[in-house]
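Asker: The amino acid sequence is not available; the structure is as follows:
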């Protein structure tokens, strides 16, 4: 009953979306505000409708309605309540509904804003949002329906469908197969919603960009309107990626945080274009340049969002041929192609109206360096895109699958990332319009000298690997430049207004949140880079089989195997938990409990490391294997991950910086409205 | 693997022979060594396993994969190490058993070259576009520096001014050294003189040739598409073991694609022969496709040609 109810809500939501699209088009055509308002109401109605559908699924999940196929595939009797609720995004069909729900929510929030001066954007923002929403709703209704029930046909087969097949009887399993154990982790519970939030909120800037193209209001109004949305989208996407990394480190048991897996890259690609976009919009705002490029970036970001969802949802990654087996792949493909072509043709139509208002005058100017930054981001994007795509192409052409693994990406992107770090150090010191090598050199020499100190310290502490030295120098340089920028600003205020330094610093950041938020983000990136250099270059590992009381050494550390217990838990796991003592330079540091969980329902093992974390390093112990009968011998793998905690600290600083930059700032809005670009001539109907 | 590459056969044969000879020659020594078991540490196994991926657990390196199958593979590596196999021998063994996909990166041969060539090529292409954009952006600044005051952003007015300026220079220069000027520029100059200023727009096209955006995009698509398929076909061809009708077709299609890429560059550089070349290659591939009973593909090729003709029509007169 509830399943039918939810399914009905989905269908009505789709119909309402289609109506909204039609009404908005008609309203534009007839220049009738009434129809546009009706479209807006339709938009606002979709969210409660999709909410009903989502609540129906949650109800079914929580009440163990195993006759619904989705419920039986992601929950089981032994799962706690909170996991049953989060199982909404634990499977394909449910996560698509969750996507639509977030999308409808965001789009509704946008349509609720004041539209006074931007009324001509409204119908087109509605159309773009609703087309995207309708696409995802249609996917749910036609191909990935979470409300399908299980039936037993007269021949004894179990099938799933919405309506009862002829002669079939309902089939109700006694228990479900449970949520994928990898997903039963706090990190994984919030990681997908964060990513999805990032994904759907990038639809908003895209919708405004398209609205600007269609209406011909090709100034930077759309950028100003969506600036905060873009930052929010970026914030969620960054958070999603970071949480994913942390989850991998804690749960996947391979001593790392990022494996260059296509699924990770699928989420990373829109982040790359989004980051490039955040930088290049500044050039358009300050100098009226790069209007074409910004449009291209926002279109790319949108289509990469859809592409990312396509990669992870169509099964194309496991085999090209899975693409053809389900209709969902071709549907995605057609949608990406269509939106891309339509967006580009709109852009071409307005190409001449988007001419730059200024010229590039200096190769070292801020805008030129931003362009270089964009080039590097695009380079990383190309490597990622091609790395994900190439195995599919290879399979298609030669029938042979290949693996494009971490070495490929690491070799190709490391110099690009280093270039980005370098730019992060130079660009803040470069002026808009015109900068010469001389002025830049004058601004740079103090931070440069300061940064050499870091190299000295690294050399003294025994670092001899030149990539690491280069990396540490870059980190030091960026830090010095960024702190120097804060210092200069604060000192200027201190001298001029006589404020004491902390107050000056506080007010400085408050006055230009975007800029100083950006600098905080840069500091976060530096901290992350330190962690990444530490683990990528200096990680060491060893493995050995120990009898009770034996020791295994790795560098200054050693572990001794104390005991191992093997037991079943109430939630359907078999746990093998080892107790090891950790020593450093022979001194006892404490106990760690690496364990292996085996989930009976899904027959999947999970390796949970025992980790001792400090600012200096992580000592990471995995239980690889053990002898079940005597419990006397066990195999351990230990990793020494230097500096890795700086990565997580950097992540926090990064998020903090983004919050500073994106925080609503009511005082500044009116003054921005008097900006020269805001005074706008009447728009053609 | 159902078909063995000839070179593999060769190698296997060599290995076989080598083993036999060694076995005969060193029988006594081998006997002595057998009694001392080689100790293989887990770290040695992991050093190799780190570089391998099992075909089942996607994108998880073998050294950290917790599944039973991967544990067995690791055991196999240990076994091979114990019998004295080298790292590359073990990797080759897994490749021969399960294909290239067990390696962390595709081996650089055959179609796989594209994996390594395309990203730098695109990156360099983007860098090139950026640099040429830098240079183009600098030009108006230089004009400003040379004393002309540009009061409007209107591109057409700007071009007109530039052209008028050039015309002035031309007239003074022409008086002194007319013979040094190319025939074409004289024609344009005469045209300019003879017509009203308002008609200058038409003349502008002769000197300031501007490729329509749609054509540029179409040409780039043709260029990269054909390069891609052409190189792909030819690379696939080189890794083919025997020659058949299919390989000949692949070869012909590859050559035609590469030729098309060349023609696209020619049209980009305002050469009429590029379009003639397209016409010839399109007809050739049409016939080829008909021969292969791929009628739809054949017609699609013609549609492509028609599109090219349609897009070059506005600038046809300006092409050399």
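Answerer: Thanks, I have the structure now. Remember, predicted model here, so these are calculated numbers, not experimental data. Numbers count the residues shown, from 1 in each chain, chains lettered A, B, ... in the order given.
Asker: CA only for contacts and neighbour counts going forward, please
Answerer: Noted.
Asker: What values do phi and psi take at residue A:462?
Answerer: Main-chain dihedrals, residue A:462, degrees, to the nearest 10: phi 100, psi 10.
Asker: number of nearby residues for it?
Answerer: Look at residue A:462: counted by other CA atoms under 10 Å in any protein chain shown, it has 8 neighbours.
Asker: Repeat that for residue A:354.
Answerer: Residues lying near residue A:354 (other CA under 10 Å) number 23.
Asker: Likewise for residue A:644?
Answerer: Per other CA under 10 Å, the neighbour tally for residue A:644 reads 28.
Asker: List the contacts of it.
Answerer: A:530, A:531, A:532, A:534, A:535, A:615, A:617, A:618 (CA atoms under 8 Å, 6 or more residues apart in numbering or on different chains).
Asker: rerun that using 7 Å as the cut-off
Answerer: Residues in contact with residue A:644, defined by CA atoms under 7 Å, 6 or more residues apart in numbering or on different chains, are A:531, A:532, A:534, A:535, A:617, A:618.
Asker: show me the contacts for the residue of the stretch 551-685 of chain A found nearest chain B.
Answerer: Per CA to the nearest CA, residue A:605 is where the stretch 551-685 of chain A lies closest to chain B, at 7.1 Å. For residue A:605, the contacting residues are A:596, A:597, A:598, A:599, by CA under 7 Å, 6+ apart.
Asker: 6 Å instead, please
Answerer: Counting by CA atoms under 6 Å, 6 or more residues apart in numbering or on different chains, residue A:605 makes contact with A:597, A:598.
Asker: What's the per-residue pLDDT of residue 219 here?
Answerer: With no chain named, the answer covers chain A. Note on residue A:219: pLDDT of 81.
Asker: wait, chain B
Answerer: Looking at residue B:219, its pLDDT stands at 87.
Asker: In contact with the residue in chain A that chain B sits nearest to, which residues are there?
Answerer: Closest to chain B within chain A is residue A:402: 3.9 Å, counting by CA to the nearest CA. Residue A:402 sits next to A:391, B:100, B:101, B:106 when contact means CA under 6 Å, 6+ apart.
Asker: Next: residue B:50.
Answerer: Each residue near residue B:50 by CA under 6 Å, 6+ apart is listed here: B:61, B:62, B:63.
Asker: Give me the nearest residue to the first one, chain neighbours excluded.
Answerer: In this case it means residue B:61. residue B:53 (4.9 Å; CA to CA, 6 or more residues apart in numbering or on different chains).
Asker: wait, the one you found sits on residue B:65?
Answerer: No. Residue B:53 is not in contact with residue B:65 according to CA atoms under 6 Å; the separation is 8.9 Å.
Asker: what's the overlap in contacts for those two?
Answerer: Common neighbours of residue B:53 and residue B:65 (CA under 6 Å, 6+ apart) do not exist.
Asker: returning to what we had before: and the average pLDDT for the strand or helix carrying the residue of the stretch 551-685 of chain A closest to chain B is what?
Answerer: Per DSSP states H and E, residue A:605 falls inside strand A:604-608. Strand A:604-608 shows a mean pLDDT of 84.
Asker: Note down every partner strand of it and its orientation.
Answerer: Under the criterion DSSP bridges, strand A:604-608 sits next to strand A:595-599 (antiparallel) in its sheet.
Asker: And for the strand it pairs with, what's in contact with it?
Answerer: By CA under 6 Å, 6+ apart, strand A:595-599 touches A:573, A:574, A:575, A:576, A:577, A:604, A:605, A:606, A:607, A:608, A:623.
Asker: Can you select the buried ones among those for me in ChimeraX?
Answerer: Buried subset of the contacts of strand A:595-599, written as a ChimeraX selection, criterion 16 or more other CA atoms under 10 Å in any protein chain shown:
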select /A:573,574,575,576,577,605,606,607,608,623
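Asker: shaky segments in chain A?
Answerer: Scanning chain A with the threshold set as pLDDT under 70 gives A:318-326, A:628-631, A:665-685.
Asker: Around chain B, pick out the residues from it.
Answerer: A:254, A:359-361, A:379, A:382-383, A:401-405, A:542-543 (CA under 6 Å from any CA of the partner chain).
Asker: tell me the domain ranges of chain B?
Answerer: For chain B, automatic domain parsing gives the domain ranges B:6-110, B:119-207, B:213-318.
Asker: weakest of these in terms of mean pLDDT?
Answerer: domain B:119-207 (a mean of 60).
Asker: Going by proximity to chain A, name the top residue of the stretch 51-200 of chain B.
Answerer: Counting by CA to the nearest CA, the stretch 51-200 of chain B gets nearest to chain A through residue B:101 (3.9 Å).
Asker: Now that residue. Nearest residue, chain neighbours left out?
Answerer: residue A:402 (3.9 Å).
Asker: Mind checking which of the contacts of residue A:402 are buried?
Answerer: Using 16+ other CA under 10 Å as the threshold, A:391, B:100, B:101, B:106 are the buried ones among the contacts of residue A:402.
Asker: Tell me, how many residues neighbour residue A:253?
Answerer: The number of residues near residue A:253, taken as other CA under 10 Å, comes to 26.
Asker: Look up how far residue A:152 lies from residue A:168.
Answerer: From residue A:168 across to residue A:152, the span is 5 Å (CA to CA, to the nearest Å).
Asker: go on, residue A:401?
Answerer: Separation of residue A:401 from residue A:152 (CA to CA): 37 Å.
Asker: returning to that earlier point: so the residue nearest to residue B:101 is in which element?
Answerer: Residue A:402 belongs to no helix or strand when assigned by DSSP H and E.
Asker: and what of residue A:450?
Answerer: helix A:437-460.
Asker: Now the element after that helix, going C-ward?
Answerer: Next along from helix A:437-460, by DSSP H and E: helix A:466-497.
Asker: what's near enough to touch the residue nearest to the spatial centre of chain A?
Answerer: The centroid of chain A falls nearest to residue A:237 when counting by CA atoms, centre = their mean (3.1 Å). Shown in contact with residue A:237 (CA under 6 Å, 6+ apart): A:195, A:198.
Asker: can you confirm it is in a strand?
Answerer: No. Counting by DSSP: H, G, I helix; E, B strand; the rest coil, residue A:237 falls outside a strand, being helix.
Asker: That one and residue A:192, how far apart?
Answerer: As for residue A:237, its distance to residue A:192 is 10 Å (criterion: CA to CA).
Asker: Now do the contacts for residue A:136.
Answerer: Going by CA under 6 Å, 6+ apart, residue A:136 touches no other residue.
Asker: how close does the residue of the stretch 551-685 of chain A closest to chain B get to residue A:576?
Answerer: 11 Å.
Asker: now do residue A:405
Answerer: In terms of CA to CA, residue A:405 sits 31 Å off from residue A:576.
Asker: and residue B:252, that's in a strand?
Answerer: No. Assignment of residue B:252 by three-state DSSP gives helix, placing it outside any strand.
Asker: Compute the number of surrounding residues for it.
Answerer: The number of residues near residue B:252, taken as other CA under 10 Å, comes to 18.
Asker: Chain A contacts on chain B?
Answerer: Residues of chain B lying close to chain A (CA under 6 Å from any CA) are B:42, B:43, B:64, B:100, B:101, B:104, B:105, B:106, B:119, B:123, B:137, B:138.
Asker: Try it again at 7 Å.
Answerer: Residues of chain B found near chain A (CA under 7 Å from any CA of the partner chain) are B:42-43, B:59, B:64, B:100-106, B:115, B:119, B:123, B:127, B:134, B:137-138, B:141.
Asker: Check the residues you listed for burial and list the buried ones.
Answerer: Among the residues of chain B next to chain A, those classed as buried by 16+ other CA under 10 Å are B:42, B:59, B:64, B:100-106, B:115, B:119, B:123, B:127, B:134, B:137-138.
Asker: contacting residues around residue A:374?
Answerer: residue A:276.
Asker: Roughly how far does it sit from residue A:275?
Answerer: For residue A:374, the distance to residue A:275 - CA to CA - is 9 Å.
Asker: Would you indicate which residues of stretch A:479-498 are buried?
Answerer: Quick answer for stretch A:479-498 (16+ other CA under 10 Å): A:479-486, A:490-494.
Asker: and if you look at stretch A:568-585?
Answerer: Buried, per 16+ other CA under 10 Å, within stretch A:568-585: A:572, A:573, A:574, A:575, A:576, A:577, A:578, A:579, A:580, A:581, A:582, A:583.
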